[in-house]
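**Q** structure for the following, please:
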Amino acid sequence: RVSMRVSLVGRATYVVRLPSLASSNIQRLAGWVITKTDVLPTLVVVNSFDRQVSSNFVVYEKDVEQVNVILKDLVASLNTYVSKEFLFFVRFIAGAEIDE
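**A** Presented below is the predicted three-dimensional model:
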């Protein structure tokens with residue numbers, strides 16, 4: 001059984017591979033995002049593997065359920081299914097000055 005795989009590819013930038021968009025995988029991804037969020041707030045930028053689609057959200061508090069809800073829609077919208085898995089980039093911008 002294949003689970004989520006993550007590779008560091010740059011400064012605070014990761015390639016994430018998910019076998020499917022099952023809720024257990026999204027939950028695991030949300031937990032991972034929270035563990036990577038050291039400074040609050042953190043801007044989380046998510047790009048499709050072909051870099052055609054980019055989306056982002058801000059983690060203001062370490063609330064895994066909130067992040068889970070955001071990621072469920074966001075990852076589905078990336079639509080980057082590459083050779084039997086969902087492949088995308090995740091980048092963390094800690095303590096970013098975020099314009100509301």
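
**Q** return the helix or strand in this structure with minimum mean pLDDT.
**A** Least confident helix or strand, the chain: strand 81-82 with a mean of 73, by mean pLDDT, DSSP states H and E.

**Q** same question for the helix or strand following that strand, mean pLDDT?
**A** Remark: after strand 81-82, the chain's next helix or strand is strand 85-94, criterion DSSP states H and E. What strand 85-94 shows for mean pLDDT is 92.

**Q** which ones are touching the spatially most central residue of the chain?
**A** Among the residues of the chain, the one closest to the centroid is V90, at 4.9 Å (C-alpha atoms, centre = their mean). Going by C-beta atoms under 8 Å, 6 or more residues apart in numbering, V90 touches 13-14, 16, 33, 44-46. Just so you know, the C-beta spots here come from the backbone N, C-alpha and C atoms, and that holds for glycine as well.

**Q** who wins for most neighbours among those?
**A** Neighbour counts for the contacts of V90, by other C-beta atoms under 10 Å, peak at V33, which reaches 24 neighbours.
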